[in-house]
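A.B. asks: Quick one, structure for this:
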Amino acid sequence: MRSRILVAAVGIPALLCVVLAAPPFVMALALLVLASVGGCELQRCVSGKGKRGLAAVSGLCAGLTVLWYHSVPDAAEVFFMFELLLFFGYAIRKGGEVKFDQVMAGLFGGIAIGYSFSSFLRLEASGVPRAYLLLPFILSFACDTFAFFTGLTLGKHKLAPKVSPKKTVEGSIGGLAGNVACGLLFVWVMDRSFGGCAIGYGPMAALALLCGVVAQIGDLSFSLIKREFGIKDYGHLFLAHGGVLDRFDSVLFVAPAVEILFGLLA
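C.D. replies: Purely as a prediction, here's the structure:
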């Protein structure tokens, strides 16, 4: 518990500082680092700790993808082809030591994780105030928090017992309701203190509800991978909170969803 409080006490102010006040290159660098660590974590999960070279390549590709999807999104297929050739070329060079599932972990980590984190840079480039870059975090962490406490007090029916035994249907519903409440609170704060919100209460309720569903799928998806490969946490960067993929699993799904839905609803 003490380490969780410590991470929250340091992490929340750091997150607010990077998102709201730091120069754009600092935020880009932070996203690059998170993506790189996430790519390494996923590869270590699939391949084990013995494949350090492959994990490093996976992390490098994830970090570079953040910059690529932000800088030249219209040529994303070029970088995809580069990563495809890189990973299969590495596997061929190793003469069969690198397995197909490890190659796929590298491609998924490099492309999907990098693409998701780069959503923040594309949102900023679209011209929205930087306060809106907090939405993927709010609509992920709120869902997770409300789901946890609702499930703890009211949970009776298992949601996905073979993937995450502690999650319940009641907790899931509580997470969705909490997400909507926090989304509406965000609109209220923006209206009262920052000259208005780019989207109204109705569209925000819809966005928050959809992102709540996406957040829970993201959480369960990375839990599914951990269960398949028999690990408890992806890493220990955030102490008791685990690694990047433990802490930002929902965010990785919600960030692109916010980018897409915000463009439709704003």
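
A.B. asks: ok, residues contacting stretch 162-172?
C.D. replies: Outside stretch 162-172, the residues that touch it by Cβ atoms under 8 Å, 6 or more residues apart in numbering are 147-148, 150-152, 154-160, 216, 219-220, 223-224, 227. The C-beta positions use only the backbone N, C-alpha and C, and glycine is treated the same way.

A.B. asks: Now do it: distance from first to last residue.
C.D. replies: Across stretch 162-172, the straight-line distance between its terminal residues is 16 Å, by Cα to Cα, to the nearest Å.

A.B. asks: go on, stretch 121-139?
C.D. replies: Taking Cα to Cα, the span from the opening residue of stretch 121-139 to its closing residue is 18 Å.

A.B. asks: What of stretch 236-250?
C.D. replies: Distances were taken as Cα to Cα; on that basis the terminal residues of stretch 236-250 are 18 Å apart.

A.B. asks: any idea whether G96 is helix, strand or coil?
C.D. replies: coil (DSSP: H, G, I helix; E, B strand; the rest coil).

A.B. asks: ok, now how distant is it from F222?
C.D. replies: 29 Å (Cβ to Cβ, to the nearest Å).

A.B. asks: of these two, who's got more company?
C.D. replies: F222 (22 against 7; other Cβ atoms under 10 Å).

A.B. asks: dump the residue contacts of that one.
C.D. replies: 234, 245-246, 249, 252.

A.B. asks: now, which of those sits nearest I199?
C.D. replies: L252 (22.6 Å; Cβ to Cβ).

A.B. asks: Kindly confirm my reading that the closest one is in a strand.
C.D. replies: No. Using three-state DSSP, the assignment for L252 is helix, not a strand.

A.B. asks: can you pull out the helices in the chain?
C.D. replies: In the chain, the helices defined using DSSP state H lie at 2-16, 24-47, 52-71, 76-93, 100-108, 114-125, 135-154, 169-193, 201-229, 244-247, 249-265.
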